[in-house]
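1. Here is my input; please provide its structure:
(3 chains)
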Amino acid sequence: MTAMDTTPDTTAAKARPARPPRFQMLRRTLGTPKGIAGLALLGIVVAMAALAPILFPMGPWAMVGRPYTWPGDGPALLGTDVLGRDMTAAMFWGAQISLLVGLVSASVSLVIGIAVGACAGYFGGRTDAVLMRFTDAVQTVPSFLFTIVIVAVASPTIHSIVLAISLVSWPAVARLMRAEVLSVKKREFVQSCRIIGMTDLRIITTQVIPNALSPVIVIASVLVATAIITEAGLAFLGLGDPNVMSWGTMINLGRPAIRTAWYIALIPGGFVILTVLALNLLGDAINDAFNPHLRKR
Amino acid sequence: MTLTRRQMLLSSLSTVALATLAGRPAWATIDPVGHEGGTLTFVISPSPQILTSAMTTAGAEQVVSAKISDSLFTYDFDMNIQPQLATSYDVSEDGKTVTFHLRQGVKWHDGTPFTSRDVAYTCMKVWKVLHGRGRTIFKDVTEVQTPDDHTAVFVMTAPSPGMLKSLAAQQTQLLPAHLYEGTDPMTNPYNLKPVGTGPFKFVSFVSGDNLVLEKNEDYWDAGKPHLDKLVFRFVSDPATVTAGLESGEFDLVNQSLLPKPDLPRLEASGKFDITTKGYEFQNEMQMIEFNLDDPVMSNPKVREALAYAIDKQWLVDNVFFGYGKVANTPLHYQLTQLYDETDVPRYDYDPMKAVKLLEEAGYKRGTLELTVDPLPYGEYQNMTANYLREAFRGIGVKLTVRNEDFAGFVKRVYTDRDFQFTVNLLTGGSDPTIGTHRTYWSKSFAKGVGFSNGSHYDSPEMDKILEAASAEMDEEKRIGLYHAFQKLAMTDLPVLPLVAVESVTVANKRVHNHTINAHGTYADFAEVWVDPKA
Amino acid sequence: MGHYLRNRLLQAVVVILIIIVGNFILLNAVPGDLVDVLAGRGGDMDADLMASLRARFGLDDPLPIRLLDYIRNVLTGNLGYSWPHSQPVLDVVLQRLPATTLLVILSVITSVFIGTLTGVFAARKAHKLTDVILSMVVLVCYATPIFLTALALMLIFSVQLGWFPLSGLTTAGAEEGILATAADMGRHLVLPVVSLSLFYVAIYARLSRASMLQVLTQDYVRTARAKGVSERGVILGHALRNALLPVITMAGLQITELFGGAVLTETIFGLPGVGRLAYDAVFARNFPLLLGILIVCSFIIVIVNLLVDLLYMKLDPRVELTK
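-> Presented below is the predicted three-dimensional model:
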């Protein structure tokens, strides 16, 4: 909608130098303090998700003691929730769901956004106008409100939640992609593909998208983080899937009792912050790696 | 039919009558002893959308509008009739004509005198047409005659003992005919700046935030109300409500808006009155409605098995924090005259028996998968459904909990009938004819109509009992019929009552007389007074 | 310029039309309608009454006809009627607009101001300890969901310390007069505004730090420095001006997000805003109201975006308005 279709993290992406080899990128990303911290924190969350079925084979819903047992007062390390379920088990199983929601919705919105952005940028003209007006429309509706509407329409299950989050978060990707494609398609190698008679589909998938992808990769971690926060927000409003233990569900359960038993809402809140922080650190590290000239000056 | 010609106490005596409800110092009226004036802040949720309950049965509208507008009667804790705008009434010998003698000298807030014309208009044009419950209550009323300004005669095609129990301001409120006649009541601007005859006058309304009322200086009950100002706050977050009570920002909260885990702490602080009285008009029951059209649920052995698998006392203790009682019959225990569990089949917690019954029904351990739809209203139905998932896992039944919003629930259960069983909260009402009959009477089943025989229970024997009970004027026979009802309902088990819920009102101790009759905080608050703020 | 404006407005009309049609269709896929909810709230309605209400509310016409009727009405400025409120939709929305507008404007001002200052400060101390610490704080703010901030602030400052009122926009029935009312509203808005701002402060801080760092190395800044312009002059006169560009873009995005999107904050602090109203409208199946809110919000957002572009053009003459 605005004249400058870039998000700030990539303002400098335009002047990007030639891409360094992959392994070097990786080393550059992970070698920074931010990268190390982000990976370590994320590693904890991933480990929790992986260990959940081993450490808590009864699942997150088993009632192990009296409801509202404070952490340290009973056998459950992090206390029990409103129905006497083990908060520790809930946190471990919740890690699975939060990561799943984050990764799947980010992937879906990346796919939609890349497809829309690439087509709009590559074909231009009427295609561009139609696709971009559609993107505008999705972006003009406040996204959280739109998510609520979609979840309400489809009734809250883990699938509808993931779908809703993806459906509102692709426009940013599409804009970014379009801007990149606009510059990529003018380059010689794309022109020559045309001359040798490659189909548009092949040019887009093999030439344009791979060469326009890096700024999109940079915002992928933001997409994952946003999806996790959105899921928690939805669950906070009672729009969670009751058959899936997510951190947001637990925050929602604990919220009414926050005066008496604040740990039920705030412990999962802490895990949400931790995960998002890890993703942001990692995102920053990747961003720095892609735009090295921004780092040390 | 017995002759029923009754005369009621004159209004001047009514306060005396209430005050003699001895032995309940916490909610008998106490004189304000010089503490006139002050402001009371009352928290409710959700926000009312209009400010009259003459055409809606929604709770928020009822609470706020009963302070502004009156009806013909009020009711004491035992549901005895007390005068409000009707000072007395006569019932004709055949029961088909009821004559109300109206209070004289009553003025609407705009100064216009209140007359029988208002009663006739509201009954015939609003209650009978637009009020969900009014359409049932007044369905036999063909005409309201107005021989003079202070007499209203209801002419009916059949006697209706239930009508006289339903004439309170929280449900059937009188509207000023001079402002409504000839308009569309649903879009009348006075729905939002109401003109009533009650103790409080409308000042301002911010939808979603607050409603301010002030003392009606010309109130017909001289010397009342005691408050200068009555402020409603609409707060949806339960944790905020507790916090506001503790900080003194809010004085009064009703309808269990507080998180139950906070109650023990509030009680221990000694600063609050906590009462479960004043909900005699509601009598809410948490129940499981089994969908008898579902092939699995139609098997009585499965229903019984599930009934044995539930530790209802656990629900009372841990979900309701003790504010409720295990329900062994469909009637709320507060209906003291009718409630009777002798010889009623019981389903005390016995998971072994549940497993056996399931096997008899042909479901080996681990082969049965079910889905429950908890009513999305408050958090308790969802918590109970979550408990059920674990309880049923214990007997080898996999239960999925479905989350949908209110409209989605109503559509799925009552229109599409695409469900197996619900965890519902059903309002029994002040009399079984008002709420409970809807749940068990075969003729109240109709696709698309909510909260009305959701099981699709169809038993000629049950219909006979209910139909006899609703026309029975003899108390003894009525009690006998309802005992038969309770036995049959728990034998056939189309619905499994779980908990007879006790709603809670919490008030700062500076608030007096907030619960003095069956309406509780739905009353007009003319008697309420507050100590000056500390 | 006139051509550009005309183009943009045309685009805006198309966007709003897409929003109307899309949401109209989407909302009609929702199970249950307004009458189901009205009937359910009281728990007591018969089939005849429900049918007659459906007819009154125009719920039983076929979808295309309702859609065309709706669009025709919107074009004549009629957003429909909210039956549960007994009021026209526009009136209901306008009553709730002030709370949201105040919330959004105050939070944009607060977060832009504090965020940019933090960013500029951090950029000047780039890679020193102050910068590292500031960056950490900013990162944590950035990672904290707004509703958690709101809950925590309320617990601490309203509940424990009692410094601010718990909920609502005004003290109902308090003393009147413009000054007293403004002060009262201010007290009610402090925590909601702070909750909404913290997250965006983090964004602006990151943004302005990054663009300051970038700008400070550019030729014209070097030239200015070489010419002996003071450090303060360099920052205020040259660097900041350019660093502000992404900040302005972001402010536009923030307004877009919060107008109607601050559902959680409005819920937690009980503010009578449009976000909460929209949320309630979804569950009440009050679709004329929900569509009305979406249209009003989109309208505001379109105007904000236009203003952002014009401001952009003013600050950075290199930007051409081509689109």
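
2. switch to C-alpha atoms for all contacts and neighbour counts from now on
-> Fine.

3. For chain C, what's its nearest residue on chain A.
-> Residue nearest to chain C within chain A (CA to the nearest CA): A:Val153, separated by 4.4 Å.

4. Pick out the residue closest to the middle of the chain.
-> With no chain named, the answer covers chain A. Nearest to the geometric centre of chain A sits A:Val224, at 1.1 Å (CA atoms, centre = their mean).

5. that's the wrong chain, I meant chain C
-> Judging by CA atoms, centre = their mean, chain C has its centre closest to C:Leu258, at 2.0 Å.

6. who in chain B is up against chain A?
-> By CA under 8 Å from any CA of the partner chain, the part of chain B that sits against chain A consists of B:237-239, B:242-243, B:259, B:261-262, B:318-319, B:383, B:387, B:390, B:400-405, B:408.

7. where does chain C come near chain B, residue by residue?
-> C:30-34, C:36-37, C:39-47, C:49, C:83-87, C:95, C:159, C:162, C:166-169, C:172-173, C:267-268, C:270-272, C:277, C:283-285.

8. Out of the residues you listed, list just those in strands.
-> Applying DSSP state E to those, the entries found in strands are C:Gln87.

9. From the residues of chain C next to chain B, keep the buried residues only.
-> Buried subset of the residues of chain C next to chain B (neighbour count, 16 or more other CA atoms under 10 Å in any protein chain shown): C:30-34, C:36-37, C:39-46, C:49, C:83-87, C:159, C:166-169, C:172-173, C:267-268, C:270-272, C:277, C:283-285.

10. Verify the contact between the residue nearest to the centre of chain C and C:Leu106 for me.
-> No: assessed by CA atoms under 8 Å, C:Leu258 is found out of contact with C:Leu106, at 11.5 Å.

11. which ones are touching the residue lying closest to A:Met48 once chain neighbours are set aside?
-> Spatial nearest neighbour of A:Met48, excluding adjacent residues (CA to CA, 6 or more residues apart in numbering or on different chains): A:Phe92 at 5.0 Å. Counting by CA atoms under 8 Å, 6 or more residues apart in numbering or on different chains, A:Phe92 touches A:Met48, A:Ala49, A:Leu51, A:Ala52.

12. host element of A:Phe92?
-> For A:Phe92, the host element (DSSP states H and E) is helix A:87-123.

13. Beyond that helix, next helix or strand please.
-> The helix or strand immediately downstream of helix A:87-123 is helix A:125-140, counting by DSSP H and E.

14. tell me what that following helix is packed against?
-> Secondary-structure packing of helix A:125-140 (3 or more CA pairs under 8 Å, 6 or more residues apart in numbering or on different chains; DSSP states H and E): helix A:87-123, helix A:158-184, helix C:2-28, helix C:287-315.

15. the inter-axis angle of the longest one versus helix A:158-184?
-> Interaxial angle, helix A:87-123 versus helix A:158-184 (axes from the mean of the first three to the mean of the last three CA atoms, to 10 degrees): 40 degrees.

16. cool, and the third one?
-> With the same axes, to 10 degrees defining the directions, helix C:2-28 sits at 160 degrees from helix A:158-184.

17. which intervals of chain A have sub-threshold pLDDT?
-> Scanning chain A for pLDDT under 70 picks out the ranges A:1-26, A:28-29, A:291-297.

18. Please enumerate the helices of it.
-> For chain A, applying DSSP state H gives helices covering A:22-31, A:33-55, A:87-123, A:125-140, A:143-154, A:158-184, A:188-195, A:200-202, A:209-212, A:214-236, A:247-254, A:263-290.

19. highest average neighbour count across those?
-> Mean neighbour count (mean count of other CA atoms under 10 Å in any protein chain shown) peaks for helix A:247-254 among these, with a mean of 26.

20. near chain C, anything from that helix?
-> No: on the criterion CA under 8 Å from any CA, helix A:247-254 is out of touch with chain C, staying 9.3 Å away.

21. For that helix, which helices and strands make contact with it?
-> If contacts are counted by 3+ CA pairs under 8 Å, 6+ apart, helix A:247-254 sits against helix A:87-123, helix A:214-236, helix A:263-290.

22. tell me the angle of the shortest one relative to helix A:143-154?
-> Computed with the same axes, to 10 degrees, the direction of helix A:214-236 lies at 60 degrees from that of helix A:143-154.

23. who does helix A:214-236 touch, helix- and strand-wise?
-> Helix A:214-236 packs on helix A:87-123, helix A:158-184, helix A:247-254, helix A:263-290, going by 3+ CA pairs under 8 Å, 6+ apart.
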